[in-house]
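>>> Generate a structure from the sequence data that follows.
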Amino acid sequence: MTEARTMHPPGEMTNRQLWHWRVTQTPDRRWLWCDGREWTYAEFDVEVRRLAAGLRELGVGPGTRVLIGMTNRPEAVQAHLAVGELGAVCVTLVPGMPFRELAYPIQHSEATVLIADDPIASIVLEHRDACPALEHLVLLGAGGGDDGVTGFAARAATPPLDHEPLEQEDVQALAYIIYTSGSTGRPKGVMLKAGGRYHCGLGYADLYGFTSRDTYFLPLTLGHSLGATAALGIAMVTGGAVALAERFRPSLFWSQVEAGGATVSVLFQAHLSLLLETDDGSVGPGSSPLRLIVTHTYLPEFVERFGVELGTIWGMTETLVCVGSDPGYRGELGPGYVGHPFGGGELGIFDPDLRRVGPYAYGELCLRHPQVMLGYLKDDAATAATLVDGWVRSGDRGFVDHTGRAYFAGRFKAMIKRSGENVSAEEVEAAILTHPDVAECVVVGVPDPIRAEEVGAIVVRRAGADLDPAALRDACGDRLVRWKLPRYIQILDEILPRLGNGKIDRVITAALLDPAVAWDAERERPRPERAGPA
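Numbers count the residues shown, from 1 in each chain. Predicted structure coming up:
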């Protein structure tokens, strides 16, 4: 029997139960590395229970919604586990967003507590009046103060809680609300279940053979499900460790991997391309402890250059557990191949009438398993449209072959996938249309070898207007986070092509954008060193 199998939990567990079980089983094993500091499971558990005790003094308990808006740091991991320890619900925020984008999840979630560091802490303090539901702000670096503000250090200095059983431990209970861009513009609050880390961690461990000897390198934000569930879950299930980086920096990637002893990671195609682009020849096959990167696209040149294996996955926040390629995959099945379901998932291909189709027939990729989302917070219509008889409709087009292997063939919905981030075309269009000199516009994805897709905008200016693309992009910066801003802007004077019903023909319009002719933000404004989301 392998080490990986003997170290697995004995049965299905909630996130909280999984942490308790792992601390009991391997208290002295390394759990977390960050910037040269290390904690064992037992050491970190004390810190988790201290913060949990401090949060409970603020009234946090089962069902309380707690916003966590922190950069990747040990305190962020501590916050995620402490909120879970109390049976409360983590609502994640992603650093780097302006208040205009932070406001919606803060207000929509009706969370009463915020745990944050800068920049989110300062942004929320500046706009406190727009966050009426927030009763307590637990801020890193802050002291005690008025208006419900308290320091993180003070909350984390409370005598630790004992490991007390909750009245109910249910793997189907709500544990996380993660906001993700939707095809209809406003982000949707994806409600994830409390068994997520167990199922996600076990699925990845079984598929790729992760063991307690593995350390998972995490430069992706804990605000997304890959960080909050996959990274932490893999380590907890196997008894391995997490090596945490504040964010992805290509110039530091290999040195951080070496310092943290990392053996596995998850990155987006953009990150792999940047590592190739910035390669200085100092890292080659066999020179790094990293043996596997899980990603979305197989890049043979990356494997050849660095000697690190790539496993491909397909999935979304709503499905949690994904579709993935087998270990040792070498790209021989083509660029569209993504793998087969793992972690107990089932993949189906459905036609527009939601009838299941057979091998090699194109349709919508749909996935189901016990830990798909509960639904979208306060959006019954979107939930009903996406979650049908236990199946999550992805909006992605593809097929399966006679062996059940899945192939991705594009998207049905108006969604752009830029550096692994969902960008709603409708949301970007809405921002552009607020400019007084814009008559109409269409936003499309432009294929890009680094980021998979870039954001492009075809814009019709009002008669007589002198519309400057750079100024238009800058104006959108007040409404959109940086990675949603259009890179390409093509200005037109004529009305856009129409369908018979008078609506814009998006297919014909998309063909009007020529990246070689359009205004290009990166051509006009050279970039500094890129960090994810790139």
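>>> In the stretch 251-400 of the chain, mark out all the strands, start to finish.
Under the criterion DSSP state E, counting those that start in this stretch, the stretch 251-400 of the chain contains strands at 264-266, 292-295, 309-314, 323-324, 337-341, 346-350, 363-368, 375-376, 387-388, 391-400.
>>> as a whole number, average confidence for stretch 375-390?
The predicted model assigns stretch 375-390 a mean pLDDT of 96.
>>> List of residues touching that stretch?
For stretch 375-390, contacts defined as CB atoms under 8 Å, 6 or more residues apart in numbering pick out 108-109, 177, 182, 184, 188-191, 318, 354, 366, 368, 372-373, 392-393. (Glycine included, C-beta is placed from N, CA and C.)
>>> So how do I select the buried members of the residues you listed in ChimeraX?
Entered in ChimeraX, the line below selects the buried ones among the contacts of stretch 375-390, by 16 or more other CB atoms under 10 Å:
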select :108,109,177,182,188,189,190,191,318,366,368,372,373,392,393
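>>> Just the ones of the contacts of stretch 375-390 in helices?
Counting by DSSP state H, the contacts of stretch 375-390 place 108-109 in helices.
>>> how does the protein divide up, domain by domain?
3-193, 415-524 (automatic domain parsing).
>>> Identify whichever of these lies nearest to residue 302.
Minimum separation from residue 302 across the domains of the chain (CB to CB) falls at domain 415-524, 12.5 Å.
>>> what's the first-to-last distance across the closest one?
Domain 415-524 has an end-to-end distance of 26 Å (CA to CA, to the nearest Å).
>>> and residue 220, what does it touch?
The contact partners of residue 220, taken as CB under 8 Å, 6+ apart, are 226-227, 231, 248, 266-267, 420, 532.
>>> Check residue 254 too.
Contacts for residue 254 (CB under 8 Å, 6+ apart) come out as 282-283, 288.
>>> now swap in residue 273 and tell me
So residue 273 contacts 299, 449-451 (CB under 8 Å, 6+ apart).
>>> and these as a markdown table, adding secondary structure?
Conversion of these to a markdown table gives the following (DSSP: H, G, I helix; E, B strand; the rest coil):
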| residue | secondary structure |
| --- | --- |
| 299 | coil |
| 449 | coil |
| 450 | coil |
| 451 | coil |
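>>> which one of those residues has the most neighbours?
residue 451 (26 neighbours; other CB atoms under 10 Å).
>>> Give me the neighbour count for the closest residue in space to residue 121 that isn't next to it in sequence.
Leaving out its chain neighbours, the residue that sits closest to residue 121 by CB to CB, 6 or more residues apart in numbering is residue 139, at 4.4 Å. Neighbour count of residue 139, defined by other CB under 10 Å: 25.
>>> and residue 139, what are its bridge partners?
residue 116, residue 151 (DSSP bridges).
>>> where's it relative to residue 385, distance?
For residue 139, the distance to residue 385 equals 38 Å [CB to CB, to the nearest Å].
>>> where among the domains of the chain is the average confidence lowest?
Here the domains of the chain differ in mean pLDDT, and the lowest is domain 415-524 at a mean of 87.
>>> And it, how far out from the chain middle?
In terms of CA atoms, centre = their mean, to the nearest Å, the gap separating the centre of domain 415-524 from the centre of its chain is 24 Å.
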